[in-house]
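K.L.:
build the 3D model from these lines:
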Amino acid sequence: MTSMLPSMAAIRVFEAAARHGSFTKAAEELGMTQAAVSYQIKALEERIGAPLFLRRPRQVELTDRGRQLASVTTEAFELLRSAYGSVQDEADGRLVISSLQTFSVQWLTRHLGDFQDEFPGISLQLETSNKVVDFYREDVDVAIRGGGGQWPGLRSHKLVPVKFAPMLSPQLLDRIGGLDEPSDLLKLDLLGAEDPWWAEWFAQAGVTEFDLQSRRRNCYGSQFMEANAAMAGQGAAILTPALYQRELEQGLLVQPFDLVCEADHGYWLVYPETRRNAPRIRAFRDWILKEVVTTGLTA
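P.N.:
Residues are numbered from 1 along each chain as shown. Reported below is the predicted structural model:
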């Protein structure tokens, strides 16, 4: 019975505020003032006859009733977004991919041509960023993320486990006369020394005495940037071997020790649960899950 529904304006404001956990952020998303958001929430609470948020200093928190309504409201809005997105899909056939820089440069861009050959009717827009994409606020269809694979409201598929080992340029290796044992790496500049992967690798290699905290703490922002610094002979980097097979084969990098450690997270394909059946998302999902196996990335 539509006569029982509160105003759509109030429902829209409630969905945004519940999703962000903030009246201020909801106001920014919707182009409203915070006062207008508060007014719509108050009107909705009066219409329902129960508080939806607990107002606390500098934050708001959903009540039990608010959480109950928030889950179904967000799902309903996602279904609407998916429906309207499907219509737009038919109009422009564009797939927007947000991907981590290292994965984009070292694997994805090298294989997207195969996807285009298989699906010539889908145009691609690749956005490279290390920040976590917000599917609710950004025009993105799918994303490649690093992590444990559990994100509320998102469907996730593991593409590759993240493994790591030290690498450096062959020129630097020759210049220092080679590396006989893992502890010899401590004589070099360690790129991204604050990365916990270094401590984990040394520990598993049996190196018991090392101090990474006192080392120069240069931050390169991504594994890809550290790899380029390593290829330039600036030091040793801790990298994922599966993503640098070409550089290893071409002699741009060397992996001086066989020990490869595995992180407790991986690279994942993610997209909103409610958009799982969108044709272009389904096409990309099926292709990339097959491609990572075919190219040996999952090995």
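K.L.:
distance from stretch 10-26 to the middle of the chain?
P.N.:
In terms of C-alpha atoms, centre = their mean, to the nearest Å, the centre of stretch 10-26 is found 24 Å from the chain centre.
K.L.:
list the buried ones in it?
P.N.:
Neighbour-count burial for stretch 10-26, counted by 16 or more other C-beta atoms under 10 Å, picks out 10-11, 13-20, 22-23, 25-26. (C-beta placed from N, C-alpha, C; glycine too.)
K.L.:
and stretch 148-164, by the same measure?
P.N.:
The neighbour-count criterion (16+ other C-beta under 10 Å) identifies 149, 151, 154-156, 159-164 as the buried residues of stretch 148-164.
K.L.:
residues contacting that stretch, please?
P.N.:
Stretch 148-164 has contacts (C-beta atoms under 8 Å, 6 or more residues apart in numbering) with 74, 78, 135, 144-146, 197, 200-201, 238-242, 260-274, 276, 285, 288-289, 292, 297-298.
K.L.:
among the buried residues of stretch 148-164, name the ones in strands.
P.N.:
Judged by DSSP state E, the buried residues of stretch 148-164 include 154-156, 159-164 as members of strands.
K.L.:
nearest to residue 229, of those?
P.N.:
The closest of those to residue 229 turns out to be residue 164 (C-beta to C-beta; 16.0 Å).
K.L.:
tell me the secondary structure at the closest residue to the closest one other than its chain neighbours.
P.N.:
Of all residues not flanking residue 164 in the chain, residue 197 sits nearest, at 4.7 Å (C-beta to C-beta, 6 or more residues apart in numbering). Residue 197 falls in the helix class when you classify it by DSSP: H, G, I helix; E, B strand; the rest coil.
K.L.:
retrieve the pLDDT associated with residue 197.
P.N.:
With respect to pLDDT, residue 197 scores 93.
K.L.:
pretty sure it contacts residue 239?
P.N.:
No. With contacts counted by C-beta atoms under 8 Å, residue 197 stays clear of residue 239, the gap being 9.1 Å.
K.L.:
in the helix or strand residue 47 falls within, what's buried?
P.N.:
Secondary structure from DSSP states H and E places residue 47 in helix 34-48. Of all the residues in helix 34-48, those buried under the rule 16+ other C-beta under 10 Å are 36-38, 40-41, 44-45.
K.L.:
can I see the domain layout of this structure?
P.N.:
Per the record, the chain has its domains at 2-87, 93-299, by automatic domain parsing.
K.L.:
the stretch 1-150 of the chain: helices as residue ranges?
P.N.:
Assigned by DSSP state H, counting those that start in this stretch, the stretch 1-150 of the chain shows helices spanning 8-20, 23-30, 34-48, 64-92, 101-103, 109-118.
K.L.:
would you single out the least confident of these?
P.N.:
Among the helices of the stretch 1-150 of the chain, helix 64-92 carries the lowest mean pLDDT, a mean of 76.
K.L.:
what residues of that helix count as buried?
P.N.:
Result for helix 64-92 [16+ other C-beta under 10 Å]: buried residues 66, 69-70, 73-74, 77-78, 82, 85, 89.
K.L.:
need the phi and psi values for residue 166.
P.N.:
Backbone torsions of residue 166, given as degrees, to the nearest 10, read phi -70, psi 150.
K.L.:
ok, now residue 268?
P.N.:
Backbone geometry at residue 268, expressed as degrees, to the nearest 10, gives phi -130, psi 140.
K.L.:
enumerate every residue touching it.
P.N.:
Residue 268 is in contact with 144-147, 149, 156-159, counting by C-beta under 8 Å, 6+ apart.
K.L.:
could you rerun that using 10 Å?
P.N.:
By C-beta atoms under 10 Å, 6 or more residues apart in numbering, residue 268 lies in contact with 143-151, 154-160.
K.L.:
repeat for residue 128
P.N.:
Here residue 128 is in contact with 97-105, 108-109, 144, 222, 224 (C-beta under 10 Å, 6+ apart).
K.L.:
repeat that for residue 70.
P.N.:
Residues in contact with residue 70 (C-beta under 10 Å, 6+ apart) are 14-15, 17-19, 21, 52-53, 62-63.
K.L.:
many thanks, I have nothing further to ask.
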